[in-house]
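[1] 3D model of this:
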Amino acid sequence: MFGIPGKSPITMTQAAEAQIAKLMASGGHKGLRIGVKKGGCAGMEYTMDYVDEVDPHEEVVEQGDARVIIAPMAQMFLFGTEIDYEISLLESGFKFRNPNVSEACGCGESIKFDEALTEGSSQS
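    Below is the predicted model of the structure:
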């Protein structure tokens, strides 16, 4: 585990918790895996995938009926992140409030992390 012992690396709003639990129940999945990968106009993007098997090196965060699995290489990038689920007139989706992000592009899909976090990282 990366971070502070006893402290959850991420938190979920009630809206995110409800949506993740709904997605898990509808597909019979064990959770939702969150990671980061190189790409986008700011340099990195969040990834989200359904999980049917949990790797022993992954961080598992459970809140209510929702389960989020954090890929090992993403743990340092996501520590302190709050996941929300927002619905508006034009779109709905997960939003990440991540204190580690130093820059985000205008579309909100691509992010950049502080250089200290990305040095030595081989995330792809």
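
[2] Within the helices and strands, which one has the residue positioned nearest the centre of the chain?
    Closest to where the C-alpha atoms of the chain average out (Cα atoms, centre = their mean) is residue 34, at 4.0 Å. Using DSSP states H and E, residue 34 maps to strand 31-38.

[3] can you give me the mean pLDDT across that strand?
    Here strand 31-38 scores 90 as its mean pLDDT.

[4] Which elements pack onto whichever helix or strand comes after that strand?
    The first helix or strand that comes after strand 31-38 along the chain, using DSSP H and E, is strand 44-51. With contacts defined as 3 or more Cβ pairs under 8 Å, 6 or more residues apart in numbering; DSSP states H and E, the packing partners of strand 44-51 are strand 31-38, strand 110-113. Any C-beta I mention is one placed from the backbone N, CA and C, and that applies to glycine too.

[5] Enumerate the positions of the first one that are buried.
    The neighbour-count criterion (16 or more other Cβ atoms under 10 Å) identifies 31-36 as the buried residues of strand 31-38.

[6] for the residues you listed, which one is nearest residue 81?
    Nearest to residue 81 out of the buried residues of strand 31-38 is residue 34 (Cβ to Cβ; 8.4 Å).

[7] Look up how far residue 59 lies from residue 41.
    28 Å (Cβ to Cβ, to the nearest Å).

[8] Kind regards, and thank you for your time.
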